[in-house]
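Colleague: how does the following fold in three dimensions:
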Amino acid sequence: MHIVDKKSCISAVKAALVGVAGMLALQAQAADELRVCAGKDELPYSNDKQQGFENEIAKVVGKAMNRKVSFVWWSDARYSVRDFLDKKQCDVLLGLDKGDPRVLNTKTYYKSGYVFVTRKDREIDITSWDHPYLKERNFRLGFLPDSPAKNMMLEIGRFDDMFDYLTELTDFKSTRNRYIKIDERKLVNDVITMKLHAAAIWGPTVAKYVAESPTPLNMVLIEDNATRANGSKIPMQYEVVMGVRLGDEALKAELDNAITSSQQEIDAILKREHIPLLPI
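Modeller: Alright, predicted model coming up:
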């Protein structure tokens, strides 16, 4: 007859309970932390010193969720979803376009648009891609590769006129299948020094630099009426969301509630950055 060793059983039960308690503690710790994937060197949005406005917004939202925020840094935006979010290195990404199919979208937390930046003293009053100045070959308009502005320069037949500037921006390297970091402040500086008549760029990227420029500059939202020759729209205004892993409905709902309760604080951060905001 087998005789059960009571002491061994009790020890085994204790060990099992300790193991379960440890797992629950780890799960609770994970639930109490919000891991945010953010750019290591992507000001004005983010950097590893947490000086960007997205770093601030993440902390505000984390506070509303009663979670401690930690940052996981990426260096190449192209892989932030595949290599970080999808592999569970982080829980959420900020600053995504609404409708991004790679992630589960939260509610919109702000809306902005592309802008024309000009020197005030040059009195260049352009607000849309229909302006006759933009058709003139000697009118130098700066823009970034792989942007709606580039698409419109192709549509109006001005891309080749600015190809030299574009290649200079990318250090004469092709952007095809390659991430090339461009300091957007260069476009603002080139407007200031009159190397460019104007720059067409995403407003949140340059708003702070425009506002802080010692040379008075104008920053005007581009009218959202740009189209291709076939009539399809080239959007100039975008809603901005946060993204979580596909299927993570619980975290999305938690973030949605936090965004709603923190919207005034989020707006205050964006306004301090002088970001042109549109109604959501």
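
Colleague: what helix or strand does F116 sit in?
Modeller: strand 110-119 (DSSP states H and E).

Colleague: residues in contact with the helix or strand following that strand: which ones?
Modeller: Next along the chain after strand 110-119, taking DSSP H and E as the criterion, comes strand 141-142. Here strand 141-142 makes contact (Cβ atoms under 8 Å, 6 or more residues apart in numbering) with 134, 149, 153, 158, 162, 165, 169, 187, 190-191, 196-201. Bear in mind the C-beta positions are built from the backbone N, C-alpha and C, glycine included.

Colleague: which other helices and strands contact the strand holding F116?
Modeller: Where contact means 3 or more Cβ pairs under 8 Å, 6 or more residues apart in numbering; DSSP states H and E, strand 110-119 is packed against helix 185-192, strand 198-202, helix 203-212, strand 217-221, strand 237-244, helix 249-272.

Colleague: tell me which of the ones you listed sits most buried.
Modeller: strand 198-202 (a mean of 24; mean count of other Cβ atoms under 10 Å).

Colleague: near P148, how many other residues are there?
Modeller: 22 (other Cβ atoms under 10 Å).

Colleague: what's the closest non-adjacent residue to it?
Modeller: Leaving out its chain neighbours, the residue that sits closest to P148 by Cβ to Cβ, 6 or more residues apart in numbering is I234, at 5.2 Å.

Colleague: count the residues that sit near that neighbour.
Modeller: 17.

Colleague: what's the answer for E223, then?
Modeller: E223: 16 neighbours (other Cβ under 10 Å).

Colleague: do I156 as well
Modeller: I156 has 14 nearby residues by other Cβ under 10 Å.

Colleague: tell me who's in contact with it.
Modeller: 129, 134-135 are the contacts of I156 under Cβ under 8 Å, 6+ apart.

Colleague: repeat that for N47.
Modeller: 39-41, 55 are the contacts of N47 under Cβ under 8 Å, 6+ apart.

Colleague: quick one: it from K181, how far?
Modeller: 12 Å (Cβ to Cβ, to the nearest Å).

Colleague: returning to what we had before: among the contacts of strand 141-142, which two are most distant?
Modeller: Greatest spatial distance in the contacts of strand 141-142: L134 and L169, 18.8 Å, computed using Cβ to Cβ.

Colleague: more neighbours: which of the two?
Modeller: L169 (22 against 19).

Colleague: quick one: that one and E184 touch, right?
Modeller: No - assessed by Cβ atoms under 8 Å, L169 is found out of contact with E184, at 9.6 Å.

Colleague: who touches both of these two?
Modeller: With Cβ under 8 Å, 6+ apart, L169 and E184 have common neighbours L144.

Colleague: the residue nearest to P148 and D130, how far apart?
Modeller: Counting by Cβ to Cβ, the gap from I234 to D130 is 13 Å.

Colleague: check V36 too.
Modeller: From V36 to D130 the distance is 40 Å (Cβ to Cβ).

Colleague: how many other residues sit next to K181?
Modeller: 13.

Colleague: and what of M194?
Modeller: 12.

Colleague: please name the residues that touch it.
Modeller: 119, 122.

Colleague: check the secondary structure at G95 for me.
Modeller: strand (DSSP: H, G, I helix; E, B strand; the rest coil).

Colleague: please look at G52 and S46 and confirm they touch.
Modeller: Yes - using Cβ under 8 Å, G52 makes contact with S46 at a distance of 3.8 Å.

Colleague: common neighbours of those two, please.
Modeller: With Cβ under 8 Å, 6+ apart as the test, G52 and S46 both reach 38-39.

Colleague: flag the shaky bits of this protein, pLDDT-wise.
Modeller: In the predicted model, the chain carries pLDDT under 70 at residues 1-31, 172, 175-179.

Colleague: would you mind measuring from the most centrally placed residue in the chain to I275?
Modeller: Central residue of the chain (Cα atoms, centre = their mean): G95, 2.9 Å from the mean position. With distances taken as Cβ to Cβ, G95 is found 12 Å from I275.

Colleague: any idea how far R35 lies from S46?
Modeller: For R35 relative to S46 (Cβ to Cβ), the value is 14 Å.

Colleague: mind putting the helices and strands packed on strand 110-119 in CSV, distance to V60 included?
Modeller: Listed next are the helices and strands packed on strand 110-119 as CSV, based on distance: least, Cβ to Cβ, whole Å:
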stretch, distance to V60
helix 185-192, 26
strand 198-202, 22
helix 203-212, 16
strand 217-221, 25
strand 237-244, 12
helix 249-272, 5
